[in-house]
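Visitor: sequence-free structure coming up:
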């Protein structure tokens, strides 16, 4: 009878140990699955933001240029002045290559660490059209004149674009886009660590 009680106690202890082990294993597996799932969601959202044109603006301007030249190209004849009016359309873009952004996802400590932000790539693309010109048989525009006028119009377009302002607005838009990742991370109970000194820590 005593042996039977010992055997039953032993079997009960084994069953209890197996139950505890299965319960612990189930809870651990669920926790690991949740960590992996959270990690995938955040990294997938980061990958979606591969290359992003943050800001794009268009400008236009008219320019009147006067060209002095010799009639029929002869220095013996008096010089004349002719003018040409150009219309310049300028497209300015601020692009951030987010594939160069360094963000570390620490799934164990549940941290999203912003290590480095990419620099802005500014592109200014002017397109020059001739609106009108004083052109006559004896006083024609040469290819050299057209090249000079076109270059002057493009140089003026580059000067017209306020690159510092464009860069600042682009940066602001970039941070607004990154905020989408931060909102997602916070929803998954991740803390955000900014090592770039870009963000106000009190707002992270």
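Guide: That came through, no problem. Bear in mind the structure is a predicted one, so any value in this text is a computation, not a measurement. Numbering: from 1, shown residues only.

Visitor: in the protein, which spans are helices?
Guide: 2-48, 143-160, 163-187 (DSSP state H).

Visitor: which one of those has the lowest average pLDDT?
Guide: With a mean of 59, helix 2-48 has the lowest mean pLDDT of the helices of the chain.

Visitor: And the residue nearest the centre of this protein?
Guide: residue 96 (2.9 Å; Cα atoms, centre = their mean).

Visitor: bridging residues for it?
Guide: residue 52, residue 120 (DSSP bridges).

Visitor: could you list every residue that touches residue 100?
Guide: 116, 118 (Cβ atoms under 8 Å, 6 or more residues apart in numbering). The way it works is simple: take the backbone N, C-alpha and C, and place the C-beta from them, glycine included.

Visitor: and what of the one 5 residues further on?
Guide: With Cβ under 8 Å, 6+ apart as the criterion, the residues that contact residue 105 are 39, 42, 43, 46, 111, 112, 113, 190.

Visitor: Measure how buried the last one is and give me the count.
Guide: Right, the one you point to is residue 190. Residue 190 has 22 neighbouring residues, counting by other Cβ atoms under 10 Å.

Visitor: thought it was touching residue 43?
Guide: No - using Cβ atoms under 8 Å, residue 190 makes no contact with residue 43, being 11.8 Å away.

Visitor: right, and out of the contacts of residue 105, which lies closest to residue 203?
Guide: Nearest to residue 203 among those: residue 112, at 14.4 Å, using Cβ to Cβ.

Visitor: since we're on the closest residue to that closest one other than its chain neighbours, how many residues are nearby?
Guide: In space, residue 112 comes closest to residue 185 once its chain neighbours are excluded; the distance is 4.4 Å by Cβ to Cβ, 6 or more residues apart in numbering. Residue 185: 23 surrounding residues under other Cβ under 10 Å.

Visitor: Who are the contact partners of the residue nearest to the centre of the chain?
Guide: 51, 52, 54, 117, 118, 119, 120, 121, 170, 174.

Visitor: try it again with 6 Å
Guide: For residue 96, the contact set (Cβ atoms under 6 Å, 6 or more residues apart in numbering) comprises 52, 54, 118, 174.

Visitor: So what does the third one have for phi and psi?
Guide: For residue 118, the backbone dihedrals (degrees, to the nearest 10) come out as phi -70, psi 160.
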